[in-house]
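Asks: Build me a structure from this.
(chains A, B, C, D and E)
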Amino acid sequence: MALTERVREILGWYPADNPGTVGNLARILMTGRLAGTGKVVILPVDQGFEHGPDRSFGPNPAGYDPTYHPDLAAEAGCNAYAAPLGQLEAAANRHPGVLPLILKANNADGLGGPPDRYPAVTATVDDAVRLGCAAVGFTIYPGSDFRNEMYAEIRELAAEAKSLGLAVVIWSYPRGHGLDKQGETAVDVISYAAQVAVQLGAHVVKVKPPGAHVAKEESRKVYEQHGAQLETLADRVRHVVRAAFGGRRIVIFSGGSAKGRDEILAEIRQIHAGGGFGSIVGRNSFQRPKQEGVALLQEIMEVYAGK
Amino acid sequence: MALTERVREILGWYPADNPGTVGNLARILMTGRLAGTGKVVILPVDQGFEHGPDRSFGPNPAGYDPTYHPDLAAEAGCNAYAAPLGQLEAAANRHPGVLPLILKANNADGLGGPPDRYPAVTATVDDAVRLGCAAVGFTIYPGSDFRNEMYAEIRELAAEAKSLGLAVVIWSYPRGHGLDKQGETAVDVISYAAQVAVQLGAHVVKVKPPGAHVAKEESRKVYEQHGAQLETLADRVRHVVRAAFGGRRIVIFSGGSAKGRDEILAEIRQIHAGGGFGSIVGRNSFQRPKQEGVALLQEIMEVYAGK
Amino acid sequence: MALTERVREILGWYPADNPGTVGNLARILMTGRLAGTGKVVILPVDQGFEHGPDRSFGPNPAGYDPTYHPDLAAEAGCNAYAAPLGQLEAAANRHPGVLPLILKANNADGLGGPPDRYPAVTATVDDAVRLGCAAVGFTIYPGSDFRNEMYAEIRELAAEAKSLGLAVVIWSYPRGHGLDKQGETAVDVISYAAQVAVQLGAHVVKVKPPGAHVAKEESRKVYEQHGAQLETLADRVRHVVRAAFGGRRIVIFSGGSAKGRDEILAEIRQIHAGGGFGSIVGRNSFQRPKQEGVALLQEIMEVYAGK
Amino acid sequence: MALTERVREILGWYPADNPGTVGNLARILMTGRLAGTGKVVILPVDQGFEHGPDRSFGPNPAGYDPTYHPDLAAEAGCNAYAAPLGQLEAAANRHPGVLPLILKANNADGLGGPPDRYPAVTATVDDAVRLGCAAVGFTIYPGSDFRNEMYAEIRELAAEAKSLGLAVVIWSYPRGHGLDKQGETAVDVISYAAQVAVQLGAHVVKVKPPGAHVAKEESRKVYEQHGAQLETLADRVRHVVRAAFGGRRIVIFSGGSAKGRDEILAEIRQIHAGGGFGSIVGRNSFQRPKQEGVALLQEIMEVYAGK
Amino acid sequence: MALTERVREILGWYPADNPGTVGNLARILMTGRLAGTGKVVILPVDQGFEHGPDRSFGPNPAGYDPTYHPDLAAEAGCNAYAAPLGQLEAAANRHPGVLPLILKANNADGLGGPPDRYPAVTATVDDAVRLGCAAVGFTIYPGSDFRNEMYAEIRELAAEAKSLGLAVVIWSYPRGHGLDKQGETAVDVISYAAQVAVQLGAHVVKVKPPGAHVAKEESRKVYEQHGAQLETLADRVRHVVRAAFGGRRIVIFSGGSAKGRDEILAEIRQIHAGGGFGSIVGRNSFQRPKQEGVALLQEIMEVYAGK
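Replies: Purely as a prediction, here's the structure:
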């Protein structure tokens, strides 16, 4: 299938990357039901590590099996599948060459430990290369006490990934002393988190859908002064996308905790209306029975396809 | 698009390779008009280096432009495009992520020099990685005085390529003191050349169509003793494919110098009938006007598709 | 254009550097409207990372687009453009070879975290090399609790940069327990901060314009004893420049938060009168509409050009 | 000075290179009297090494001094100055940052030795980096017995140079058993030499002006069959430029041994008419008294500027 | 002792070197009886390795003791002492810090072997550093069959030495198929050898005194055409010094085999008159009884001091 004009336009936003990296971005953009639209729906399954297997896979026990998820992604027509090292290794032979893989290279277990710790780096770029991944994924916590450590880690990882022709996806989750729970999804904070991720060199950024709350007094002033329109989720998505280099980076949104189909699709429609590039849909897809999960993912893709 | 059963079967022949390499083989097998059939038609353009630009591109001057060839490959629906370093660099932005690339890593200029030299290594695996290639390609001359040097070179190159998740394609051209012109395409010699290539660890082997000649007395004896059927090209192709690990390696055949459409298609039908995995079609495609080249490539693909 | 006598004189202050580094300093000094004068006006845009995208780009939303800033710098005729990794990558194809780039290699997000943290190292010297930068930029906080960590970071970064022929620009911002808000811009403190930066091996130092305040009792005594003239900003700039190796280093001054044109130009005239080598003008240029920003930058350059 | 449309077009031919390399190509294209035209005149002075100091500098003894040549290049307004290691080191402080340098990394002394030897590698990419060079230069002998060794050397050198943001210039001089003296400048052989250089990944290729002779029978057939127009030098230059990726690489021509002004300018006019990208003018410039050399270089530039 | 104007002028010829290397050159120029004059007399003792111990030390058996030579150099007031690894190690404690040492890093034994071999690399730059040497010394054979190997060795050695702040001294001895015995010291050949050495990046070059013979027809033509004055040794020395970057490199001359005092001093006077920078005096000094050796060295220095 030939690259579409839209995909060529998007690839043109990455003039500093080598052809390998650009090719892997193209592979993600040219795979699945949304191939060529410039939109992406990615299936991420790192919850086994992050939240534990039971919270993650209990609701749909088929998901304990690591071959379940790439099959789900392929069947639904996702652009890519993201997971930690072991999970990718365990299902490496399911869809080689046809389902782009993203190696989630840092992860935190939820077994306790100090509440303010940060994820461990659990895989290398070499792992991503030998597994044939299109990208490495990495979580940062802008605003946290461990910012410097995390930025140092992604700096090294991203530089190596880029030199080896891989793309870089950053999950940007603001947190820290200066942010309460509501603040973590405040529109100004999410915008800031997107900005930090692209400044660190991410090709693709994943953030949470921005809430109506504004966390910082300075942001409120700017919004008032310049009449920022932030009422609907679509407005706020548009704002966040703009905060990621004026729309010249691929910004996608998480679905968060499991909820009902209608609620999800309503949210997706807003993200689409606001110019979001797509979604990462984990629990809402793999915690449902397979056909329901496939159906929901495809309904989401329909929205992004503008149908 | 999901892997077909046939492609899964073929990938199963490479159990020692990492998922990156298997994925890149799959990418080649799942691209273009023959995607999923287990058959491959590859466009190789290293003749500018090997035969000089005028002999190569004079007949169809559009081919002087290095962006012409990947466009031809993509338009016709080839599985992959193979070329030397400079040519891949010059067209790196044409079809990133959708047209698998094979970096032809050794080349010989035809300007003279002693007749018994061997190709120079002109590119590195790192080049293939940064250019986003699916494979590296390499020519060997089994039987030549420089066998050891060439096998040493491919040994290093193949090992590095495999560790970085790339596939290895070997062009196996027997030559040397012990072989006259006819002997170079003798059926026993081509079979032997295919065997050497797979023993060196090639995932894909390219040989010339085997002639009816039998070059070695020992071979003749064995053939007579065991009643080898080698009359038609289809018979001989079947023999060569069997010589490459009993059919458990992808063996493809070159078309050689430019000739007429009917002659070519007749040959392809024989290769297909004999169980050949496909063809490398260079001069016969790019030395024709573009639409003729596309049409011929697609007619060839039709044959391999069994239509 | 040939090097001027003044530029040769300035380059003569760096006898320990290799020709690559001297050449990159020369490139900065020989670019733009001030080429050859020995004065420099640099456009820095790291506020997206440091203050967040909205506070930075809300006032002039064109600035959300990372191609806006290098275009602004080129159009106005700046000597160089400084930005974090992602922003340089995103606009790498705008003015290659003609607009010197400075990779801002450490950055702090302003999302919160403990108030006494220090910037994270967010890019490498290798990044600067592959992006074709003329220099790396780095922020230090002399006087802070994290002094040792920051000095260690710049020590490694500067050594590597110099060995690879890059120049080193240090943003020197004193802060810490021993300094209140007023103290951070006290003339003795700014002088000290400039001294620390050049002692760490900076080729170019950026400080804030020094205030009339004197923070340290010891400084006050020396000033009184030796009749230091520190009344006007010009006096204090002269003092700070002297503190940076008696004027044998390029010391430039920041403009700080956005203010009116007349106020800015009055300050620039003082810096020029005091022998300052130029200015870094960020928010005051890119937060205005483009033509206003260009006009202001050019008015500033007129002052430094002595017109 | 802003990049011109023509320079942007040329830079677009190198989509596989990092911004550092593209920037250094741009620096060469944006320097001197021909800045922005897409044409280049380079002063190369490696004759001291290749032909010996007396034959090279005897005619104009000022040239024994290694500071003479960069001054000549700068005064005339050349795009770049190319020389071996020692000569660049000795004049490193003449025009830092304003005159692009090309480190000629292999050289052969003409004191004797077997006639079929090949140049020694006399400098490293690290040398080029610390000297602030824009490119490395390298001579190859396509067709020679030492082809493999030379291609291996440039393969390593070019890969390292590209990773460090430098451009690669190849001097391509066919020679070997299969070529007599006339054959070395035959139009088909020069075309082939240009092709080999670009296949090896050169950004800029330097060849000798192609003669009317056709050395290879196969070439003659192709020319006759396709009606190649090769009568004038302009025709042949057009042919050679096409052989270097259809005009998508910068191909420049040497002037050869010293001759009269009118003869030189007539040749340059032909090269310009044929679409050549420029000239390397060594002996014809530095073996004249300085003002004559400057005048001749500038007359040559006038031709390329289309005046 | 302060640097003299003349030494400052000489150091100014090395603008590409780091302060460590320049400092080591300065140490050599500021040591001994000729300190500050810009002239140098160096004691080299590698004959034990090159000619065997008996031929070398038999005439004055005190020289079997490796502490003899540095004492001789120090007592006479030489600028530096050059020797192979073992010899420097054995006398390392004789004059640390006051007698500059040059580690002769390649050497050939004279026990036989093929007559056309080249010296072995017998020490490393690390050895030079740990022994506190000011420079490394290296012999090349321009024109020989082993040119490429030797240039590759000095390329690596010189690059490493310079990066570690050492100076590089090249002994340049032309030889090879194209040169008969007389040709090896022909004035044009010695000039060429000096040129090659400085192009390879030598700070100091040592050649044999040039004879009146002209070896190459091309040289003879140039000399006749341009009226080169080459009658006296002084004339020829002037010519050779000019061939080494127009006098911008330190060129010194060997004394050759042992001869009488008057003959030696006459030769030195000619070298001095021709602008030679000094001498390397081995056998003529250490094969005499110590006081005679000291006396002769000091008489030689008197000549260079212009007394």
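Asks: contacts and neighbour counts: CA atoms only from here.
Replies: Will do.
Asks: My understanding was that A:I280 contacts A:I268; is that so?
Replies: No: in this structure A:I280 lies outside contact range of A:I268 using C-alpha atoms under 8 Å: 10.7 Å.
Asks: Give me the nearest residue to A:A135, chain neighbours excluded.
Replies: For A:A135, ignoring the flanking residues on the chain, the nearest one in space by C-alpha to C-alpha, 6 or more residues apart in numbering or on different chains is A:A167 at 4.3 Å.
Asks: try A:Y64
Replies: With sequence-adjacent residues excluded and distances taken as C-alpha to C-alpha, 6+ apart, A:Y64 is closest to A:F57, at 5.6 Å.
Asks: Kindly report the same for A:E218.
Replies: In space, and not counting its chain neighbours, A:E218 is closest to C:R55: 6.9 Å by C-alpha to C-alpha, 6+ apart.
Asks: Burial check on that neighbour, number of neighbours?
Replies: C:R55: 22 surrounding residues under other C-alpha atoms under 10 Å in any protein chain shown.
Asks: can you check the one 10 residues further on too?
Replies: The criterion is other C-alpha under 10 Å. On that basis, C:D65 has 19 neighbouring residues.
Asks: per-residue confidence for it?
Replies: As predicted, C:D65 sits at a pLDDT of 97.
Asks: Would you confirm that it contacts A:R248?
Replies: Yes: the pair C:D65 / A:R248 is scored as a contact, 7.4 Å apart, by C-alpha under 8 Å.
Asks: so what's the residue nearest to A:A135 up against?
Replies: By C-alpha atoms under 8 Å, 6 or more residues apart in numbering or on different chains, the contact list for A:A167 reads A:21-22, A:24-25, A:134-136, A:161, A:202-203.
Asks: Ok, A:L179 next?
Replies: Residues near A:L179 by C-alpha under 8 Å, 6+ apart: A:143, A:215, C:111-112.
Asks: Surely it is in a helix?
Replies: No: the assignment for A:L179, made by DSSP: H, G, I helix; E, B strand; the rest coil, is coil rather than a helix.
Asks: Distance of it relative to A:H213?
Replies: The gap separating A:L179 from A:H213 is 12 Å, by C-alpha to C-alpha, to the nearest Å.
Asks: how about the strands in the stretch 1-150 of chain A?
Replies: A:40-44, A:80-83, A:101-104, A:106-107, A:120-121, A:135-140 (DSSP state E, counting those that start in this stretch).
Asks: can those strands go into TSV with extra columns for mean pLDDT?
Replies: Output for the strands of the stretch 1-150 of chain A, formatted as TSV (pLDDT from 0 to 100):
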stretch	mean pLDDT
strand A:40-44	97
strand A:80-83	98
strand A:101-104	98
strand A:106-107	95
strand A:120-121	94
strand A:135-140	98
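Asks: Out of those strands, indicate the one that is most buried.
Replies: Highest mean neighbour count of the strands of the stretch 1-150 of chain A: strand A:101-104, a mean of 30 (counted as mean count of other C-alpha atoms under 10 Å in any protein chain shown).
Asks: Packing partners of that strand?
Replies: strand A:80-83, helix A:85-90, strand A:135-140 (3 or more C-alpha pairs under 8 Å, 6 or more residues apart in numbering or on different chains; DSSP states H and E).
Asks: All the helices of chain A, residue numbers only.
Replies: A:5-11, A:19-29, A:47-50, A:53-57, A:68-76, A:85-90, A:125-130, A:147-163, A:187-199, A:217-226, A:233-243, A:261-273, A:283-286, A:290-304 (DSSP state H).
Asks: ok, and which of those has the densest surroundings?
Replies: Among those, helix A:187-199 has the highest mean neighbour count (mean count of other C-alpha under 10 Å), at a mean of 30.
Asks: Give the residue farthest from the middle of chain A.
Replies: No residue in chain A sits farther from the centre than A:Q225, which is 31.8 Å out by C-alpha atoms, centre = their mean.
Asks: contacting residues around the residue nearest the centre of chain A?
Replies: In chain A, the residue lying closest to the centroid (C-alpha atoms, centre = their mean) is A:K206, at 3.5 Å. Contact analysis of A:K206 by C-alpha under 8 Å, 6+ apart lists A:169-172, A:194, A:251-254, A:280.
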